[in-house]
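**Student:** generate a structure from the sequence data that follows.
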Amino acid sequence: KKQTNRTSLAMLASVRRLVLSASDPLEAAVKAAIAGNIIDLGIGHAFDMRRDVRRIIAEPLTISALRQFRMEARSGRTCLYIGDNAGEIVFDRLLVEELIRRGVRVVFAVKSGPIINDATVADAKAAGLDSLTEIIETGSDDIGVNWERVSPAFRRAVAEADFLVAKGHGNFETCEDRPENFYFLLKAKCDVVASMLGVPLGATVFTRGRRSRTSRRSAPHRPPSGQSQNSD
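**Tutor:** Numbers count the residues shown, from 1 in each chain. Here you go, the predicted model:
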């Protein structure tokens, strides 16, 4: 975990320049956050981190909820951002910075204890997130969010959030059916999640929760296979 934090921090300045120089910094920050999702000790794939991060930022998203997200990310709104892995949260920092620039109040949640490569408070501090926003714990060291064991601070942050951002497979699988206004950032790294999303393995995904997609304030359902799934 310390090594992935160090490696990601060494890249932070150059990736930040890519984000800030982009024609759409919010989109670039979203992609940078998704690019960080390649850092997962639970997945046994080799990767060239610098190459893959730059490639993901340059390519279009397979599924994009950017249009709706852009309307959420405005002054006076509150976002609960649920992190995933150590190292990866360095790239989450870029999206947090962009949200703050837009006047959004961000609360960042991490695990209450170490599991696999998931981020803890110590990792969030190593990434410098404590200088930007409040850091809270989910309440457990379970994969994803165990809604039966959430901390009072996490429960309060969920209730107060106008929208929520959740990173990675575990958070997607445990939050996708929740009634709150969730947005999910992930790379489809296994057949099960790829099948759930209707995307090929390796796809970059920025999507809303199931209930958000079907509510009156959500965008229409994703189009049938063969049509574009982007909504930005």
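**Student:** center of the protein - which residue?
**Tutor:** residue 167 (3.3 Å; CA atoms, centre = their mean).
**Student:** tell me how far that residue lies from residue 17.
**Tutor:** In this view, residue 167 and residue 17 are 22 Å apart by CB to CB, to the nearest Å. Placement of C-beta: from N, CA and C, glycine included.
**Student:** isn't residue 197 up against residue 188?
**Tutor:** Yes: shown here, residue 197 and residue 188 form a contact pair, counting by CB atoms under 8 Å, at 6.0 Å.
**Student:** compare these two (neighbour count), which wins?
**Tutor:** Applying other CB atoms under 10 Å to residue 197 and residue 188 shows that residue 188 carries more neighbours, namely 24 against 20.
**Student:** and the more buried one, how close does it get to residue 204?
**Tutor:** For residue 188 relative to residue 204 (CB to CB), the value is 8 Å.
**Student:** between those two, what contacts are shared?
**Tutor:** residue 62 (CB atoms under 8 Å, 6 or more residues apart in numbering).
**Student:** with only the CA atoms kept, save stretch 147-155 in PDB.
**Tutor:** Extracted C-alpha coordinates of stretch 147-155, given in PDB (Å, rounded to 0.1, in the frame of the first residue of the first chain):
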ATOM      1  CA  TRP A 147     -24.900  -1.000   5.400                       C
ATOM      2  CA  GLU A 148     -25.600  -2.800   8.600                       C
ATOM      3  CA  ARG A 149     -22.300  -1.700  10.200                       C
ATOM      4  CA  VAL A 150     -22.000   1.900   9.000                       C
ATOM      5  CA  SER A 151     -20.600   4.500  11.500                       C
ATOM      6  CA  PRO A 152     -22.800   7.300  12.700                       C
ATOM      7  CA  ALA A 153     -20.600   9.800  10.800                       C
ATOM      8  CA  PHE A 154     -21.100   7.900   7.600                       C
ATOM      9  CA  ARG A 155     -24.800   7.500   8.100                       C
END
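**Student:** starting at the chain centroid, how far to it?
**Tutor:** 19 Å (CA atoms, centre = their mean, to the nearest Å).
**Student:** residue numbering should commence at 42 henceforth.
**Tutor:** Noted, 42 is the first residue going forward, which turns the last one into stretch 188-196.
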